[in-house]
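**Student:** Generate coordinates for the sequence data below:
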Amino acid sequence: MKKSALFLFTILLMAGTTFAKDAYNIAITIKGAPNKKFYLGYYFGDKQYLRDSAVTDKTGKMVYKGVKPLEGGVYLVATAEKSLLFDFIVTEAEFSLETDTADVIMNMKIKGSPENEVFFAYTRYTSSMGRQANEFDAQIKKAKEINDTATLRITGDKYKKISQDLFEYRKGVLKDHPQMLLSKIFKMMTDIDVPDAPKNFKGEIIDSNFQFNYYYNHYFDNFDFSDERIVRTPVFHNKFEAFMVKLTPQIPDSIIKSADFVLTKAAAGKENFKYCLFWITNHYETSTYMGMDKVFVHMIDEYYAKGKAFWIDETLLFKMKDRADQLRNNLIGNRGPNLNMLDTNNVYHSLYNIKSKYTLLIFWDANCGKCKEEMPKLRTLYDELNPKGATGLKMFDVYAVSLTPDSKEWQKYLRENKLKWLNVYDPNNETNFRKLYDIYSTPVLYLLDENKKILAKRINVEQLTEFIKEREKKNVK
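**Tutor:** Just a heads-up that it's a prediction; the model follows:
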């Protein structure tokens, strides 16, 4: 899976699209910091990236400029040691910021950028509120030490007042500047108000899932996906990821439903769609949880193969489609492709001819250290699940495919270890098993049911044992 993750990562390195029309020219003066190097960075998804650098003159002035426009969003200035100095907003192509080292935020002056006028007014306000909150923390700590309940109550009310004032401040910004990026950030931060579940005439809740479904369906109501600046903020990714990972049950079908849901909305803005599609594809293609490759295959089939990933070139698209084709044959829930291979006597045996409640399909190599660890455990499990004297359909059987380069070494191992199950190999690659079952290492285990439907894959013998035991408990119930 690592190789495919590497080429998927290149998606973000492809030439990006921008919506600004003019080149940028941003003058920043930091009095008290002469001849110092500072970086210009930006937020994108859950990370920060460096975009430019400049050195201040003797007055503390520096200019960031370039022939390629800056994409709108939240940017940052960092020191040469890459320590954050302050954030600001890029919407206008040309403006200036001036401050000093005594108090970077409180002394900030802005010219030519209404967005930053509002942004720094808010930042100054929150800085002031933060100082008050720190004072209240100290008061609360002292009150707890002496069990001063009156002070605790009064200080708690002051805390509530800060929260309420902050809420009202944001409301004012939203009302006065609805199209500014700061307002859109505030909206994304605002959680959805969920109404009470409807009740029947007896006062009983009609739908116990009503509130969850309402919250799910309205989760992105406060996102303006048509504004491509929102992906370049510290808020977008966390809210988006929470929807995909926390709100969505982590089973493939549910994830696919959520992916389609959010991508339909994100399509209103190319950069937002691009980020969401890349993140979902990469996150689940590289997931360590079993079965998530179904999500990857869906993303390739529904988005990349249909030309919706507008930034992908033909070479990369071919590789991604080929990877999906390797995975689609062995998705959990599908019937595993049949194999017809030779045993040590050169007699063909079909995987589908095995009659048992569970069939383990294992690809292994007699020279593989990990295989040598797993085989004794598998033999113990085989004996445990197939006790002597048992009648009826066999509980557990094994179709063991050898990838040992030298068949003599494989046969020697079989003789010495007396493996009781069906041992086969495909010396001429007649079955194309490597592609059908995505085999690029050993050992690889697939658990099949009596109809050869794939129940689990790429697990070790201990996990296999637990899986079968848990499944049998559920069947008894």
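**Student:** Quick one: mean pLDDT for stretch 272-279?
**Tutor:** Throughout stretch 272-279, pLDDT has a mean value of 97.
**Student:** now do stretch 429-441
**Tutor:** Mean predicted confidence for stretch 429-441 is 95.
**Student:** swap in stretch 396-409?
**Tutor:** 96.
**Student:** start to end distance for that stretch?
**Tutor:** 26 Å (C-alpha to C-alpha, to the nearest Å).
**Student:** ok, which stretches of the stretch 301-450 of the chain are strands?
**Tutor:** Assigned by DSSP state E, counting those that start in this stretch, the strands in the stretch 301-450 of the chain fall at 340-342, 348-350, 356-364, 394-402, 422-425, 444-449.
**Student:** so can I have TSV of those showing mean neighbour count?
**Tutor:** (C-beta placed from N, C-alpha, C; glycine too.) Shown next, in TSV, are the strands of the stretch 301-450 of the chain (neighbours: other C-beta atoms under 10 Å):
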stretch	mean neighbour count
strand 340-342	18
strand 348-350	13
strand 356-364	22
strand 394-402	21
strand 422-425	19
strand 444-449	21
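**Student:** so how far is Ala78 from Thr29?
**Tutor:** Using C-beta to C-beta, to the nearest Å, Thr29 is found at 16 Å from Ala78.
**Student:** Repeat that for Ser127.
**Tutor:** As judged by C-beta to C-beta, Ser127 and Ala78 stand 19 Å apart.
**Student:** So the two - more neighbours on which side?
**Tutor:** Neighbours were counted for Ser127 and for Ala78 using other C-beta atoms under 10 Å; Ala78 has more, 18 against 14.
**Student:** Then the more buried one would be within a strand, right?
**Tutor:** Yes - according to DSSP: H, G, I helix; E, B strand; the rest coil, Ala78 belongs to a strand.
**Student:** which residues does the closest residue to it other than its chain neighbours contact?
**Tutor:** Once flanking residues are discounted, Ala78 sits nearest to Tyr39: 4.5 Å by C-beta to C-beta, 6 or more residues apart in numbering. By C-beta atoms under 8 Å, 6 or more residues apart in numbering, the residues touching Tyr39 are Leu50, Asp52, Ser53, Val77, Ala78, Thr79, Ala80, Lys82.
**Student:** Asp227 now?
**Tutor:** Leu181, Lys184, Gly269.
**Student:** Need the pLDDT of it.
**Tutor:** Value for Asp227, per-residue pLDDT: 97.
**Student:** thinking Glu374 is in contact with Thr442, fair?
**Tutor:** No - between Glu374 and Thr442 there is no contact under C-beta atoms under 8 Å: 9.5 Å.
**Student:** Quickly list what's touching both of the two.
**Tutor:** Each of Trp364 lies in contact with both Glu374 and Thr442 under the rule C-beta under 8 Å, 6+ apart.
**Student:** Distance-wise, check Arg335 relative to Thr431.
**Tutor:** Distance of Arg335 to Thr431, computed by C-beta to C-beta: 15 Å.
**Student:** Please say which of those two ends up with more neighbours.
**Tutor:** Each of Arg335 and Thr431 has its neighbours counted (other C-beta under 10 Å); Thr431 has more, 18 against 14.
**Student:** ok, now which ones touch the closest residue to the more buried one other than its chain neighbours?
**Tutor:** Leaving out its chain neighbours, the residue that sits closest to Thr431 by C-beta to C-beta, 6+ apart is Leu339, at 5.0 Å. By C-beta under 8 Å, 6+ apart, Leu339 lies in contact with Ser350, Leu351, Leu361, Tyr399, Val401, Val424, Asp426, Thr431, Phe433, Leu436.
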